[in-house]
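Visitor: My questions concern the predicted model and sequence given below.
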Amino acid sequence: MPDFLDGGGEMGALMRAHDWSSSEIGPPEGWPQALRITVRLLLNSGHPMYIWWGPSGACFYNDAYRQSIGPERHPGSLGRPAREVWAEIWDIIGPQIEQVMQGRGATWHENQLVPITRNGKREDVYWTYSYSPIDDPDARGGVGGVLVVCTETTQQVLSFQRSREELSQLAALFEQAPAFMALLRGPEHRIELANPAYLRLIGRSDVVGRTVAEAIPEAAAQGYVTLLDRVYRTGEPYIANGAAITLQEPDGATSERHVDFVYQPITDAAGKVTAIFVQGIDVTGRAAEDLLAERLASIVESSDDAIISKDLNGIIRSWNRGAERVFGYTEEEAIGQPITMLIPADLADEEPLILGRIVKGERIDHFETTRRRKDGTLIPVSVTISPIRDRSGKIVGASKVGRDISAARKVQETKALLFREMDHRIKNLFAIAGGVVSVSARSATDAKDLARTIKARLGALARAHALILSPNAGGGARGATLLEVARAILSPYDTGSGHIAVDGPELECGAGAATSVALLLHEFATNSIKYGALADASGRVSLTWELEDRLAIVWHETGGPRMEPPGDDKLGFGSVLVGATVAGLRGEISREWKDGALRIRVTAPLGSLSN
């Protein structure tokens with residue numbers, strides 16, 4: 001083989017092994033010098049190159065080019081006529097090749113769509129390429145062939161098209177937004193963008209390109225430019241609710257408007273403020289009771305909510321930081337994916353119904369449903385969905401504002417729990433008062449003695465409350481010894497006849513642990529007054545505790561009314577409260593009913609008492 005075919009990787013090897021003697025251009029030893037030089041250049045270039053040579057356009061190409069043509073043309077196209085190899089696109093490239101072969105000059109094509117079949121399917125492929133003549137004095141017209149230097153730009157073109165679509169969607173959102181918006185660039189606050197709502201608010205349209213002070217001098221006089229200066233200087237946003245501004249009408253009259261707005265600084269990669277985004281709503285004339293609610297809603301929606309746009313096929317086209325916070329997907333992970341990735345399988349029928357209403361131009365307000373985060377967890381959300389229209393008014397997609405309402409649901413559950421506890425506590429107060437009267441009546445000799453005894457015991461209850469819940473010097477609940485807690489809780493029921501016994505080693509409890517133990521003993525005593533040993537003069541209660549590797553507290557009732565385990569249908573909120581309190585101590589509780597008596601045992605790690 002001649003030296004000019006040396007190297008060239010796989011294609012160099014294929015050219016050297018090819019049987020050129022049966023082709024119209026003959027063996028390589030007889031090739032024209034122009035073809036030799038060009039083939040040498042092609043084989044040693046890392047840039048994709050192609051050659052068509054001779055009247056039939058025999059095909060040559062290098063390793064860099066073969067990656068773009070697929071198995072349909074590699075390696076079978078080597079040396080074959082151009083029209084056979086590229087029949088499917090000959091209507092595009094044929095005239096271009098002919099122009100060069102006829103000596104009418106080179107061609108240049110940038111991001112040209114040339115669809116080809118490769119890897120078994122028809123693809124839209126974009127190229128930037130040039131067709132240049134290969135001069136040969138012995139050829140007709142002095143041109144022996146065509147050299148193609150090319151680059152596939154499919155990914156760049158598709159990326160540009162996607163970006164243009166996203167910008168179009170964002171522009172539609174900006175133009176159609178009911179809130180007024182403007183972008184102020186630089187320290188002089190030059191208006192770069194302003195949506196129709198902003199222009200309606202200020203009552204003029206020729207403001208883009210002018211500074212705020214030039215376009216709205218009355219706003220500067222009322223201190224709004226000073227606020228902008230502060231935001232630009234400090235990088236801290238400014239939020240106003242119901243702010244008053246007097247604006248000049250086109251006829252010279254003035255009008256006062258009230259607006260909720262945010263001055264949000266925009267920073268560059270270095271963290272330097274370069275612009276300020278203005279967003280707000282005109283709340284003039286709104287009813288006073290609605291004003292606060294809408295102000296708060298506006299602030300929340302502008303800072304925390306997920307704002308998403310999608311096309312009519314349900315493909316996500318834009319994704320803000322709020323959406324990333326709520327759903328866990330980054331912008332790169334979400335855009336281009338179907339919105340159904342957020343919808344649980346059992347709610348899959350929601351999306352076709354939503355898109356059907358959007359296509360009709362309907363707006364869906366505050367639709368509560370469930371969505372799935374990236375980590376698979378399900379969260380309750382409230383969604384508002386609006387159509388997106390292009391400049392001609394055609395509906396091209398939908399915008400979604402989604403709010404995570406997990407916290408609101410939790411608040412509702414907490415309120416219900418608090419109301420149940422309040423009801424339980426009130427009932428217990430009556431039970432305690434009744435128990436105090438009952439216990440006191442056992443030993444009272446007359447009405448005055450009874451009143452004195454009741455007053456003393458109610459006072460003991462108050463002192464027990466103060467012992468556990470009164471704040472210490474640091475502002476929080478204080479701790480106490482376990483003996484102090486026990487005596488404070490049980491002393492109101494002690495008639496001095498020995499029917500209540502308390503015994504155990506000295507043990508300090510932190511404020512939290514003391515409160516938990518007090519709640520437990522209070523529940524045990526209240527139940528005993530209602531149903532157990534303390535409900536009868538002959539009843540006895542023994543409270544003991546001991547220390548080993550864990551703390552063990554034993555409450556033992558005997559001698560009162562015969563006690564039996566309650567059925568599951570009779571377990572009340574007190575049982576829920578006791579269970580939650582023991583769990584808070586990282587402990588365990590057991591109850592034993594034997595021979596009409598009750599024995600309760602609570603165990604917990606010693607470390608839990610220091611909390």
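Guide: Done, it's in. Fair warning: this is a prediction, and the values are worked out from it, not measured in the lab.
Visitor: C-alpha from now on. contacts and neighbour counts both.
Guide: Fine.
Visitor: All the helices of the stretch 501-611 of the chain, in order from the start?
Guide: Ranges of helices within the stretch 501-611 of the chain are 511-531, 573-584, based on DSSP state H, counting those that start in this stretch.
Visitor: Mind giving me the packing neighbours of the longest one?
Guide: Just to be clear, that refers to helix 511-531. With contacts defined as 3 or more CA pairs under 8 Å, 6 or more residues apart in numbering; DSSP states H and E, helix 511-531 has these neighbours: helix 406-443, helix 447-469, strand 480-481, helix 482-490, helix 573-584.
Visitor: Ok, the last one next?
Guide: The contact analysis (3+ CA pairs under 8 Å, 6+ apart) places helix 573-584 against helix 406-443, helix 511-531, strand 588-594.
Visitor: coming back round to it: lowest average confidence across the helices of the stretch 501-611 of the chain, which one?
Guide: Out of these, the stretch the model trusts least by mean pLDDT is helix 573-584, with a mean of 79.
Visitor: Around I89, count how many other residues there are.
Guide: Using other CA atoms under 10 Å, the number of residues around I89 comes to 14.
Visitor: what do you get for S159?
Guide: Neighbour number of S159 under other CA under 10 Å is 12.
Visitor: what comes into contact with the helix or strand where it lies?
Guide: Under the criterion of DSSP states H and E, S159 resides in helix 154-176. With contact meaning CA atoms under 8 Å, 6 or more residues apart in numbering, helix 154-176 is reached by 111, 124-127, 181, 195-196, 309, 317-318, 388-391, 399.
Visitor: could you give me the average pLDDT of it?
Guide: 82.
Visitor: returning to that earlier point: from the contacts of helix 154-176, list the buried ones, please.
Guide: Among those, those scoring as buried are 111, 125-127, 181, 195-196, 309, 317-318, 388-390, 399 (criterion: 16 or more other CA atoms under 10 Å).
Visitor: want to try JSON lines for those, with secondary structure as columns?
Guide: Below are the buried ones among the contacts of helix 154-176 laid out as JSON lines (DSSP: H, G, I helix; E, B strand; the rest coil):
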{"residue": "N111", "secondary structure": "strand"}
{"residue": "V125", "secondary structure": "coil"}
{"residue": "Y126", "secondary structure": "strand"}
{"residue": "W127", "secondary structure": "strand"}
{"residue": "M181", "secondary structure": "strand"}
{"residue": "N195", "secondary structure": "coil"}
{"residue": "P196", "secondary structure": "helix"}
{"residue": "S309", "secondary structure": "strand"}
{"residue": "R317", "secondary structure": "strand"}
{"residue": "S318", "secondary structure": "strand"}
{"residue": "I388", "secondary structure": "strand"}
{"residue": "R389", "secondary structure": "strand"}
{"residue": "D390", "secondary structure": "coil"}
{"residue": "S399", "secondary structure": "strand"}
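Visitor: Where does confidence bottom out across the residues you listed?
Guide: Within the buried ones among the contacts of helix 154-176, pLDDT is lowest for D390, at 87.
Visitor: Torsion angles phi and psi at it?
Guide: phi -90, psi -170 (degrees, to the nearest 10).
Visitor: give me every residue that touches the closest residue to R357 other than its chain neighbours.
Guide: Nearest in space to R357, with sequence neighbours left out and distances taken as CA to CA, 6 or more residues apart in numbering, is R363 at 7.6 Å. R363 sits next to 357, 384-387 when contact means CA under 8 Å, 6+ apart.
Visitor: Surely E152 is in contact with V114?
Guide: No - between E152 and V114 there is no contact under CA atoms under 8 Å: 10.1 Å.
Visitor: Looking at those two, which one has more neighbours?
Guide: E152 (17 against 14).
Visitor: Setting aside sequence neighbours, what's the nearest residue to that one?
Guide: W127 (4.5 Å).
Visitor: ok, now how distant is the one you found from L543?
Guide: With distances taken as CA to CA, to the nearest Å, W127 is found 89 Å from L543.
Visitor: likewise R210?
Guide: Taken as CA to CA, the span from R210 to L543 is 82 Å.
Visitor: would you say R325 is within a helix?
Guide: Yes - secondary structure of R325 (three-state DSSP): part of a helix.
Visitor: and it, what does it touch?
Guide: R325 neighbours (CA under 8 Å, 6+ apart): A306.
Visitor: Please pull out the lowest mean pLDDT helix or strand from this protein.
Guide: helix 288-303 (a mean of 46; mean pLDDT, DSSP states H and E).
Visitor: Could you give me the buried positions within the longest strand that the chain contains?
Guide: For the chain, the longest strand by residue count, based on DSSP state E, is strand 254-267. Within strand 254-267, the residues that count as buried by 16+ other CA under 10 Å are 257-266.
Visitor: Closest one of the residues you listed to P561?
Guide: Closest approach to P561 among the buried residues of strand 254-267 (CA to CA): D260, at 67.5 Å.
Visitor: returning to that earlier point: the residue nearest to E152 reaches I116, doesn't it?
Guide: No - look at W127 against I116 with CA under 8 Å: they stay out of range, at 11.3 Å.
Visitor: CSV please, covering the buried ones among the contacts of helix 154-176 and showing distance to L41.
Guide: Below are the buried ones among the contacts of helix 154-176 laid out as CSV (distance: CA to CA, whole Å):
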residue, distance to L41
N111, 24
V125, 26
Y126, 24
W127, 21
M181, 58
N195, 56
P196, 59
S309, 50
R317, 45
S318, 46
I388, 54
R389, 53
D390, 51
S399, 54
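Visitor: Show me how the record splits this structure into domains.
Guide: What automatic domain parsing lists as the domains of the chain is 3-152, 159-300, 306-404, 410-610.
Visitor: circling back: tell me which of the helices of the stretch 501-611 of the chain is the most buried.
Guide: Among the helices of the stretch 501-611 of the chain, helix 511-531 has the highest mean neighbour count (mean count of other CA atoms under 10 Å), at a mean of 21.
Visitor: how about the helices of the stretch 501-611 of the chain in JSON lines, adding distance to M341?
Guide: Formatted as JSON lines, these follow (distance: least, CA to CA, whole Å):
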{"stretch": "helix 511-531", "distance to M341": "44"}
{"stretch": "helix 573-584", "distance to M341": "37"}
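Visitor: and of those helices, who's closest to D375?
Guide: helix 573-584 (28.2 Å).
Visitor: Surely A194 and A182 touch.
Guide: Yes - judged on CA under 8 Å, A194 makes contact with A182 at a distance of 4.3 Å.
Visitor: Quick check on the two: which one has the bigger neighbour count.
Guide: Using other CA under 10 Å as the criterion, A194 and A182 rank with A182 on top: 22 against 19.
Visitor: Flag every buried residue along stretch 537-549.
Guide: For stretch 537-549, burial by neighbour count (16+ other CA under 10 Å) applies to 537, 539-546.
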